[in-house]
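Chemist: need coordinates for the below:
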Amino acid sequence: MRRRTVLAAAVSAAATAGCVGLPAGSGDGTTARPGVSDTAFSVADAGCGAVREAASVSVSGQTVSVSGTTTVRDGCRTARLERASVEDGELRVVVASVAREGVDSCVQCLTEVTYEASVTVVGGPPDGAVVVHDSRGERRDVAGVAL
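Modeler: Numbering: from 1, shown residues only. Got it, this is the predicted structure:
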């Protein structure tokens with residue numbers, strides 16, 4: 001009986017070998033692939049305006065900073081950091097339009113939302129960064145830089 005248990009465990013381990021996608025190690029206990037360890041996001045200003053989709057990216061050490069403006073459909077909406085992740089060696093920062101909480105009535109105009117975001121990367125710098133705005137029913141790349 002014990003032989004069967006050991007044999008079953010060995011077959012199970014052999015069948016799943018190579019299926020676990022662990023990040024490559026650098027030998028010192030850290031991962032060699034870049035990833036995101038921390039994010040911060042704040043809205044600096046919001047008000048009626050024109051359609052404006054723009055962002056700039058800067059890097060200082062392990063921190064990637066994004067300053068941008070996205071346009072939402074009305075004053076009942078704002079922007080938030082939907083996601084920051086490293087995919088295929090590229091940092092993708094997605095800023096999305098979301099409903100403001102606790103707002104019953106608001107101005108009906110295209111609203112420019114100016115924001116600041118910071119992303120701390122670990123495991124080495126990514127090859128590049130792309131800022132994506134998801135607003136007014138569209139998802140668009142608004143900035144892309146090599147790092």
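Chemist: show me where this protein has strands.
Modeler: Ranges of strands in the chain, per DSSP state E, are 35-48, 54-60, 63-72, 77-87, 90-99, 111-122, 128-135, 138-146.
Chemist: can you list those strands in CSV and add mean pLDDT, distance to Ser105 and mean neighbour count?
Modeler: (Glycine included, C-beta is placed from N, CA and C.) Formatted as CSV, the strands of the chain follow (pLDDT from 0 to 100; distance: least, CB to CB, whole Å; neighbours: other CB atoms under 10 Å):
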stretch, mean pLDDT, distance to Ser105, mean neighbour count
strand 35-48, 97, 15, 13
strand 54-60, 96, 29, 15
strand 63-72, 98, 16, 20
strand 77-87, 97, 13, 18
strand 90-99, 98, 13, 20
strand 111-122, 97, 14, 20
strand 128-135, 97, 21, 21
strand 138-146, 97, 26, 13
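Chemist: in the sheet, who's paired with the one residue sitting closest to the centre of the chain?
Modeler: Ranked by distance to the mean C-alpha position of the chain (CA atoms, centre = their mean), the top residue is Ala84 at 1.2 Å. Ala84 has these beta-bridge partners by DSSP bridges: Val93.
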